[in-house]
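Enquirer: fold the stuff below for me.
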Amino acid sequence: MNKKILIVDDDQNICELLRLYIEKEGYTAVLAYDGQAALTQFNNLSPDLVLLDIMLPKLDGWQVCREIRKTSDTPIIMLTAKGEVFDKVLGLELGADDYVTKPFETKEIIARIKAVLRRANMQNNSDVCEVKYDKLTINLTNYELIVDGVAVDTPPKELELLYHLASNPNRVYTRDQLLDEVWGFDYYGDSRTVDVHIKRLREKLENTSDRWTLKTVWGVGYKFEAK
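Expert: Okay, the predicted model is just below:
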C-alpha cells in the first residue's frame, strides 16, 4: 500500500510543488492549508507522515504538532522559514522527528521523508534489528551500542553507519555509497562527513577485539572487516 503524506502549508505553490515530487516517488499526497484543516485531514486519513509548516493560519504548527502527539507517534517533519536554534529545539521537544528550513531542495525533502519513514518502520517492526560480533552488539531497534559489555552513547547517524557496515561484513563501500545508503541523500557539502563519523566510531571501538575492525580501503572507502 502506498504511504500517505500529509502536506501542511498555507503557501499553495509550495504544497503543489511538494505534491508533484512526492507523488513522483510513489507516495500519495494529501494537502491542507491551515492548522485546523491539517488536524481534520490527519484524523480522517491517518497519514504515514506529516510535512508541517510552522507559520499557519487558525492553528500554528506548534499547536498542530502538540495535538497530533496527544494520540499518535506518526512521524512529523517541520517546515519553516525560521532558522533559529530555539525553533528547532522546540519542534524536536514537541515530538517532531526532523526539521527542514526554507528554502529547501526538493531532493533533500524526499530523502528526509524516506529516512524518517525507514526509521519509523524499523521501530514498528517486531523483529529486532541487531548484529553481533565478538564483544560488540549493534541494536538498531533500541539504538543501542554495546562494546565489551558496556552501553556506549552513540549519535543515531554513527550507529546507523556502523550497523550498515557490520550488516555487510567485508564489503567495501565508497563514501558516496555510504552517504546515499545511510544518510539517504547526496550530502550537500563535504563527503568527508563519512570520515568524521568513522573516526568517532573508531575512538569508541578501539582495541575491543582482534576479530573485527573498521578498515580504511585506501582510494576507495571503508569496510567492516570480520575475520
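Enquirer: what about the longest helix in this structure?
Expert: In the chain, with assignment by DSSP state H, the single longest helix is helix 106-124.
Enquirer: which element is encountered next along the chain beyond it?
Expert: strand 130-133 (DSSP states H and E).
Enquirer: pull out the CA atoms of the next helix or strand after that next one and give them to me as PDB.
Expert: Later in the chain than strand 130-133, the nearest helix or strand by DSSP H and E is strand 136-139. What follows is strand 136-139, C-alpha atoms only, in PDB (Å, rounded to 0.1, in the frame of the first residue of the first chain):
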ATOM      1  CA  LEU A 136      30.200  -5.900  20.000                       C
ATOM      2  CA  THR A 137      26.400  -5.600  19.800                       C
ATOM      3  CA  ILE A 138      24.700  -3.000  17.500                       C
ATOM      4  CA  ASN A 139      21.000  -2.800  18.100                       C
END
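Enquirer: gap between the following helix or strand past strand 136-139 and the chain center?
Expert: The C-terminal neighbour of strand 136-139 among helices and strands, as given by DSSP H and E, is strand 144-147. A distance of 20 Å separates the centroid of the chain from that of strand 144-147, by CA atoms, centre = their mean, to the nearest Å.
Enquirer: now do strand 144-147: everything it contacts.
Expert: 135-139, 151-152, 154, 159, 162, 204-205, 208 (CB atoms under 8 Å, 6 or more residues apart in numbering). (Each C-beta comes from the backbone N, C-alpha and C, glycine too.)
Enquirer: kindly report the same for stretch 42-54.
Expert: 3-11, 14, 18, 30, 38, 41, 60-62, 64-65, 68, 72, 74-80, 82, 87, 91, 96, 109, 113, 116-117, 120.
Enquirer: output the lowest mean pLDDT helix or strand found in the protein.
Expert: Ranked by mean pLDDT, DSSP states H and E, the helix or strand of the chain with the weakest confidence is helix 85-93, at a mean of 65.
Enquirer: coming back round to it: sitting in helices, which of the contacts of stretch 42-54 do you find?
Expert: Reading helices off those with DSSP H, I get 14, 18, 38, 41, 61-62, 64-65, 68, 87, 91, 109, 113, 116-117, 120.
Enquirer: look up how far Thr154 lies from Glu160.
Expert: As for Glu160, its distance to Thr154 is 10 Å (criterion: CB to CB, to the nearest Å).
Enquirer: with Ile68 instead?
Expert: With CB to CB as the criterion, Ile68 and Thr154 are 29 Å apart.
Enquirer: give me the more crowded residue out of the two.
Expert: Ile68 (23 against 19; other CB atoms under 10 Å).
Enquirer: who's in contact with the more buried one?
Expert: Counting by CB under 8 Å, 6+ apart, Ile68 touches Leu39, Phe42, Val50, Thr74, Ile76, Gly95.
Enquirer: and of those, the nearest to Thr101?
Expert: Distance to Thr101 across the contacts of Ile68 (CB to CB) is lowest for Ile76, with 15.3 Å.
Enquirer: who's Ile138 bridged to?
Expert: Counting by DSSP bridges, Ile138 forms beta bridges with Val131, Leu145.
Enquirer: need phi/psi at Arg202.
Expert: phi -60, psi -40 (degrees, to the nearest 10).
Enquirer: with Val50 instead?
Expert: Dihedral angles (degrees, to the nearest 10) for Val50: phi -120, psi 130.
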